[in-house]
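Undergrad: from the sequence below, what's the structure:
(chains A and B)
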Amino acid sequence: MELFTRPTAINKKYFTPGVIILILLALNGLGWLAARFIFGIGAVTNLSNQYPWGIWIGIDVAAGVALAAGGFTTAALGHVMHREYYHDVVRPALLTAMLGYTFVAIGVFIDIGRWYYIWHPLIMWNGSSALFEVGICVMIYLTVLYIEFLPTVCERFIGHMNLKGGLKFLNRPVEKLLILLNRGLSKTMFIFIIAGVVLSTLHQSSLGTLMIIAGPKMHPLWQTPILPLLFLLSAISVGFPMVIFESLIAARSFGLKPEMRVLSRLGTMVAPILGVYLAFKLGDMFIRETFVYLTSFNLQSVMFVIELLFGVIIPLRMFLSKAVLNSPLWLFIASSLVVFGVFLNRLNNFVIAYNPPYKFATYIPSIGEISITVGFISLLVLAYRFIVMNFPVISQPDKKYSPATKFAIRGSEE
Amino acid sequence: MAKQNRRDFLKTAAVAGTAISGLSIKPAKAAPKNILSEDRMGVLVDTTVCIGCRNCEWACKNAHNMPTQPQDKYSDRSVFKEMRRPDENAFTVVNEYPNPQNSEIPTDVKVQCMHCDHPACVSACIVGAFSKHESGAVTWDTTRCIGCRYCMVACPFQVPAFQFDKALNPQIKKCDFCYERTKVGKLPACVEICPVEALTYGSRIDLIRIARDRIRRNPEKYVNHIFGEFEVGGTSWLYLANQDFSKLQFPKLGEKPAPGVSESIQHGIFAYFVPPVSLYALLGGLMWITKRKNESEE
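TA: Predicted coordinates:
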């Protein structure tokens, strides 16, 4: 008998020792964040006229966008290609993407010096700027992600509206509104799903175009005209590993059975995509003959080797193995390596590879910068935990065996 | 039907975008190949003439209403011990290097924004806060800037500086080629004050002619290279020297404009919105086909 699952809010205790630690890290980050707004960027960061961008751009924004790629890759697989098999992982991936991009937007907001002008790109256009393209795409995509998440919100509240006291009279009208919204969304969702995939393709690649204009300021191991393609390919290849990674962590954290049935099958697709990425990465290296830079031993060459070896080659080999695909632990390790590889790649591209011609000191992120970045990651995990405990996101075995519900909850299809 | 709407939307968005960017007042856009005025101005810096008096540093601060020490303090030559860079408190600085031809007289090099003909900052800026003017100047507009510092990442000469210490309204600071002064017929402050005429202000074409002439008449004095004539597609500021420019810490740059590659990629991806719209249509088709396939299997 096939096992039927449906997204369900997880009923567990919110506060655990791990959650308390995350809350402390988040509070520490928020404290530093207050300092950033009161005393300015210079007071909190080690950024300078030599190094205008640091880990807030390299990690919070660039790596954040890449690691949220699970959203559009699973949407393409589940909704565009209609591989119903993978539906269970689409919602968690969508939630990660939504939260990931939200924090990317917050990351940009705190990094720019004039945060109160963040809306300027909406009306002041510069079509030749790669950053403009990234900015606009991310803004639209974030909106699309929120729209894609709305059916989950509708599902949570339709039939469960329970406002107390003086707001009681609102229960009926709000519910009516939600039903109407849900019906409208299920008819039009395909527009947003395709738009989400297109927008992701565009800005994931344009994020790679960003550093091209830095020209010789960027180490030749990374500086290449095909950066946009490499960024797109690496984003696609980290999509499924990221979904596996977080699904296994969530299962562990909530004491659920890992959805190995779906995850191992998802894992079989990783190796080919990673292979294409590796081929372009190596091909680019040989065509531009940049391998000569690997003979000198310095931070850049070491980071490049770590990124390629541990982030691409080793996990690629692992994903080809049946034993790895069927073992939750090994699958987790392999996925973590890919996630680590792409994370490191973004950090390398934006921070490590950046080599200004005139420098007085090498950039090392300050305690404040690290605290804020760690604080944001903690907040993201806390928000994820809160949402999966209050909204139907993670699929669990359905006790009431009813295939009809299984299709009715989708929202995106009739 | 709905898909059609989306496509129409994209088209309208493209048109609206053109309209909005057309409406906003912009003297010149990036890669202005054909709008660069033939008689745009520039400055020729003859580093063999400069005596390192640093009066230009004082005049620059004075002209831009920046806090400055009294002028006589600028004769202090101890600052030359370390290389300095233009920053948010000084749009121009002079550095000193050994002179291979005469160890008694060191070589002094004034540094400031080069005012590229195809500026990377103009191309990169997310909101178009930088403009290349017909006069040659590259200026920054405080009403647009969001403080993202992408111009600093993009600039091949590492010139734009940012007021990191300001919590509110930090600005990007760099030489503006005395845009306000030249507009009313005055010389740039540094050129005006230079006591030895190390700086020559004039139309870029004339300056190149003068520079070539100096090299031709004194071939043993100058290296046969006008820095800025071809670097990153040409700059408004041009330099003469008696030694290789790399020894004077000039960056080694190609002749292609700095924004060239990224702009062609950018315009390739967004050629009249054709690639994104085609991808949208392709995915829509794929979605429809797989759905039909699934339904027929059931």
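Undergrad: which residue ranges of the stretch 151-298 of chain B form strands?
TA: For the stretch 151-298 of chain B, applying DSSP state E, counting those that start in this stretch gives strands covering B:161-162, B:172-173, B:199-203, B:237-240.
Undergrad: in a markdown table, list those along with distance to A:Leu22.
TA: Quick note: C-beta positions are derived from backbone N, CA and C, even for glycine. Shown next, in a markdown table, are the strands of the stretch 151-298 of chain B (distance: least, CB to CB, whole Å):
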| stretch | distance to A:Leu22 |
| --- | --- |
| strand B:161-162 | 33 |
| strand B:172-173 | 37 |
| strand B:199-203 | 59 |
| strand B:237-240 | 53 |
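Undergrad: columns mean pLDDT and mean neighbour count on top of those, output as a markdown table?
TA: Shown next, in a markdown table, are the strands of the stretch 151-298 of chain B (pLDDT from 0 to 100; neighbours: other CB atoms under 10 Å in any protein chain shown):
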| stretch | mean pLDDT | mean neighbour count |
| --- | --- | --- |
| strand B:161-162 | 96 | 24 |
| strand B:172-173 | 96 | 23 |
| strand B:199-203 | 95 | 18 |
| strand B:237-240 | 96 | 24 |
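Undergrad: need those strands in TSV (columns: distance to chain A).
TA: As requested, these are arranged in TSV below (distance: least, CB to the nearest CB, whole Å):
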stretch	distance to chain A
strand B:161-162	5
strand B:172-173	9
strand B:199-203	22
strand B:237-240	16
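Undergrad: do stretch A:136-156 and chain B meet at all?
TA: No - using CB under 8 Å from any CB of the partner chain, stretch A:136-156 stays clear of chain B, with a minimum separation of 9.3 Å.
Undergrad: would you map the helices across the stretch 201-350 of chain A?
TA: For the stretch 201-350 of chain A, applying DSSP state H, counting those that start in this stretch gives helices covering A:227-254, A:260-268, A:270-287, A:299-308, A:314-319, A:322-326, A:328-347.
Undergrad: which residues of the stretch 51-200 of chain B fall in helices?
TA: When assigned using DSSP H, counting those that start in this stretch, the helices of the stretch 51-200 of chain B occupy the ranges B:55-63, B:120-124, B:150-154, B:179-183, B:189-193.
Undergrad: and the first one with strand B:199-203, angle?
TA: Here helix B:55-63 runs at an angle of 60 degrees relative to strand B:199-203 (axes from the mean of the first three to the mean of the last three CA atoms, to 10 degrees).
Undergrad: what are the buried residues along stretch B:140-158?
TA: Of the residues in stretch B:140-158, those with enough neighbours to count as buried (16 or more other CB atoms under 10 Å in any protein chain shown) are B:140-141, B:144-158.
Undergrad: which of those are close to chain A?
TA: Counting by CB under 8 Å from any CB, the subset of these that neighbours chain A consists of B:144-150, B:152-154, B:156, B:158.
Undergrad: just the pLDDT for residue 13.
TA: Picked chain A for this. pLDDT recorded at A:Lys13 is 87.
Undergrad: sorry, should have said chain B
TA: According to the model's per-residue confidence, B:Ala13 sits at a pLDDT of 43.
Undergrad: repeat that for the one 5 residues further on.
TA: Turning to B:Thr18, the model gives it a pLDDT of 40.
Undergrad: number of nearby residues for B:Ile208?
TA: Under the neighbour criterion other CB atoms under 10 Å in any protein chain shown, B:Ile208 is assigned a count of 18.
Undergrad: so what's it closest to, chain neighbours aside?
TA: Counting by CB to CB, 6 or more residues apart in numbering or on different chains, the nearest residue to B:Ile208 once its immediate chain neighbours are dropped is B:Glu229, at 5.9 Å.
Undergrad: list the contacts of the residue in the stretch 151-298 of chain B that chain A sits nearest to.
TA: Nearest to chain A, among the residues of the stretch 151-298 of chain B, is B:Phe164, at 3.0 Å (CB to the nearest CB). Remark: with contacts taken as CB atoms under 8 Å, 6 or more residues apart in numbering or on different chains, B:Phe164 is in contact with A:40-42, A:45, A:47-49, B:88, B:170.
Undergrad: repeat the analysis, applying 10 Å as the threshold.
TA: Residues in contact with B:Phe164 (CB atoms under 10 Å, 6 or more residues apart in numbering or on different chains) are A:40-49, A:52, A:113, B:87-88, B:149, B:170.
Undergrad: any of these buried? List them.
TA: Neighbour counting by 16+ other CB under 10 Å classes A:40-42, A:44-49, A:52, A:113, B:87-88, B:149, B:170 among these as buried.
Undergrad: in strands, which of these appear?
TA: In this view, these have no member that belongs to strands under DSSP state E.
Undergrad: identify the farthest-apart pair in these.
TA: Distance extremes for those: the farthest pair is A:Val44 and B:Asp87 at 19.3 Å, using CB to CB.
Undergrad: name the nearest residue to A:Leu25, ignoring sequence neighbours.
TA: The spatially closest residue to A:Leu25, leaving aside those adjacent along the chain, is A:Ser378, at 4.2 Å (CB to CB, 6+ apart).
Undergrad: quick check: A:Pro272 touching A:Leu320?
TA: Yes - between A:Pro272 and A:Leu320 there is a contact under CB atoms under 10 Å: 9.5 Å.
Undergrad: who has more neighbours, those two?
TA: Under the criterion of other CB under 10 Å, the comparison of A:Pro272 against A:Leu320 puts A:Leu320 first, with 16 against 13.
Undergrad: quick one: contacts for the more buried one?
TA: With CB under 10 Å, 6+ apart, A:Leu320 has these contacts: A:268, A:270-272, A:274-275, A:334.
Undergrad: and the host helix or strand of the residue nearest to A:Leu25 with helix A:227-254, angle?
TA: Under the criterion of DSSP states H and E, A:Ser378 resides in helix A:367-390. On the basis of the same axes, to 10 degrees, helix A:367-390 is oriented at 60 degrees to helix A:227-254.
Undergrad: for the stretch 51-200 of chain A, give the residue positioned nearest to chain B.
TA: Of the residues in the stretch 51-200 of chain A, the one nearest chain B is A:Gly113, at a distance of 2.5 Å by CB to the nearest CB.
Undergrad: ok, that residue to A:Met269 distance?
TA: Taken as CB to CB, to the nearest Å, the spacing of A:Gly113 relative to A:Met269 amounts to 42 Å.
Undergrad: same check on A:Met211?
TA: Look at A:Met211 and A:Met269: by CB to CB, they are 29 Å apart.
Undergrad: how about B:Lys291?
TA: According to CB to CB, B:Lys291 stands 21 Å off from A:Met269.
Undergrad: could you do A:Gly40 as well?
TA: Between A:Gly40 and A:Met269 the computed distance is 46 Å (CB to CB).
Undergrad: go on, A:Arg172?
TA: Relative to A:Met269, A:Arg172 is positioned 46 Å away (CB to CB).
Undergrad: what backbone torsions are found at residue 197?
TA: No chain in the question, so chain A it is. phi -70, psi -40 (degrees, to the nearest 10).
Undergrad: wrong chain, I was asking about chain B
TA: The phi and psi torsions at B:Glu197 (degrees, to the nearest 10) take the values phi 60, psi 40.
Undergrad: contact partners for the residue lying closest to it once chain neighbours are set aside?
TA: If the residues on either side of it in the chain are set aside, B:Glu197 comes closest to B:Val49, at 6.8 Å by CB to CB, 6+ apart. Contact analysis of B:Val49 by CB under 10 Å, 6+ apart lists B:108, B:194, B:196-200, B:214, B:240.
Undergrad: looking at this, B:Val49 is in a helix?
TA: No - the assignment for B:Val49 is coil, going by DSSP: H, G, I helix; E, B strand; the rest coil, so no helix is present there.
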